[in-house]
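*Asks:* Using only what follows, build the 3D model:
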Amino acid sequence: MSRVGKKPIQIPQGVEVRIDGNVVRVKGPKGNLERRFHPAIKIKMEDGMLRFERPTDLPFHRSLHGTCRAIVANMIKGVTEGFRKELEIQGIGYKAELQGKKLTLTVSKSHPVIYEIRDDVKVEVPAPNRVIVSGIDKEVVGQVAAEIRSIDPPEPYKGKGIRYVDEYVRRKAGKAGAAQG
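*Replies:* Modelled structure (predicted):
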């Protein structure tokens, strides 16, 4: 049995969970989330706990079991605490500016890159070399952060580019013959 899937989820105070067949709606202090799941996984709510059951031990059902439980747990965490990803911009003259719903990035391109921010996430620029993406849906926050990072991913020689704050970029040595003249 899946160790993740068989672990029940405690519903915190102030969070309302509604189950309509295979659709789960979660309402909390930060907002509302809704998700449709595979009909094979049965979601049951009993005395403030959510439990997930699968019909068989087939690999397909086993993979769905833990995944559904993890997604619902992330939905509950999202409406109570929220999620955030921090990005760091490294390079001389590289910077980010926020203008309404547009993030302007001045990076290694010949022109500033303008990224349109979605309505379901919040983007902050506390410093010219730092971008914070936050929201209630973990999937959307991660996707937006990945799209911003993909504009200019970190390169291995000088380390310039956009990276996650906790990301390690393995550096490479330059040309071996460059020092000799």
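*Asks:* Assess the claim that residue 88 and residue 132 are in contact.
*Replies:* No: Residue 88 lies out of contact with residue 132 (Cβ atoms under 8 Å); the separation is 10.3 Å. Every C-beta, even on glycine, is put in place using the N, C-alpha and C of the backbone.
*Asks:* Report the secondary structure element holding the spatially most central residue of the chain.
*Replies:* Nearest to the geometric centre of the chain sits residue 142, at 2.3 Å (Cα atoms, centre = their mean). Per DSSP states H and E: residue 142 is located in helix 138-151.
*Asks:* Outside of the helix or strand that that helix is followed by itself, which residues are in contact with it?
*Replies:* Tracing the chain past helix 138-151, the next element assigned as helix or strand by DSSP H and E is strand 161-164. For strand 161-164, contacts defined as Cβ atoms under 8 Å, 6 or more residues apart in numbering pick out 85-91, 94, 105, 107-108, 131, 145, 148-149, 151-155, 169.
*Asks:* Strand partners (parallel or antiparallel) of strand 161-164?
*Replies:* Pairing partners of strand 161-164, with direction, according to DSSP bridges: strand 83-90 (antiparallel).
*Asks:* Pairing partners for the next helix or strand after the strand it pairs with, with directions?
*Replies:* Using DSSP H and E, the helix or strand that follows strand 83-90 towards the C-terminus is strand 95-99. Here strand 95-99 has these sheet partners by DSSP bridges: strand 102-106 (antiparallel).
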